[in-house]
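# Predicted model and sequence follow; I will ask about them next.
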Amino acid sequence: MRTLDEVRRDIDVIDSTLAVLVADRVRLSREAKAVKVEMGIGRVDPTREEAIVEKYGEGAAREVGRRIVEACRDLA
């Protein structure tokens, strides 16, 4: 069995990667919002958001996906 420190190091690597990816997603969400404003279309597309959340699968992963989508929308 691995030590707690080993497991935590792996978690830290994943967290570092997630931080970069989430920052990129927020940036792109802001860009998408600007395009939508320019096009004069609605800011929220529930069908698209649900399709994105579905990519996360079921259970806890799906809830994390939903929260990421909502946070990006709110921060855009």
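Great, that's in hand.
# in this structure, which spans are strands?
In the chain, no strands are defined using DSSP state E.
# May I ask you to name the longest helix in it?
As assigned by DSSP state H, the longest helix anywhere in the chain is helix 4-39.
# could you say what helices and strands that one packs with?
With contacts defined as 3 or more Cβ pairs under 8 Å, 6 or more residues apart in numbering; DSSP states H and E, the packing partners of helix 4-39 are helix 59-75. Placement of C-beta: from N, CA and C, glycine included.
# Tell me which residues of the helix it packs on come out buried.
Buried residues in helix 59-75, counted by 16 or more other Cβ atoms under 10 Å: Gly65, Arg66, Ile68, Val69, Cys72, Arg73.
# now these in TSV, with pLDDT and distance to Val35?
Shown next, in TSV, are the buried residues of helix 59-75 (pLDDT from 0 to 100; distance: Cβ to Cβ, whole Å):
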residue	pLDDT	distance to Val35
Gly65	97	23
Arg66	98	23
Ile68	97	20
Val69	97	17
Cys72	96	15
Arg73	94	14
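# export the residues you listed to JSON lines and tack on distance to Arg25?
What follows is these, written out as JSON lines (distance: Cβ to Cβ, whole Å):
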{"residue": "Gly65", "distance to Arg25": "11"}
{"residue": "Arg66", "distance to Arg25": "14"}
{"residue": "Ile68", "distance to Arg25": "7"}
{"residue": "Val69", "distance to Arg25": "9"}
{"residue": "Cys72", "distance to Arg25": "5"}
{"residue": "Arg73", "distance to Arg25": "11"}
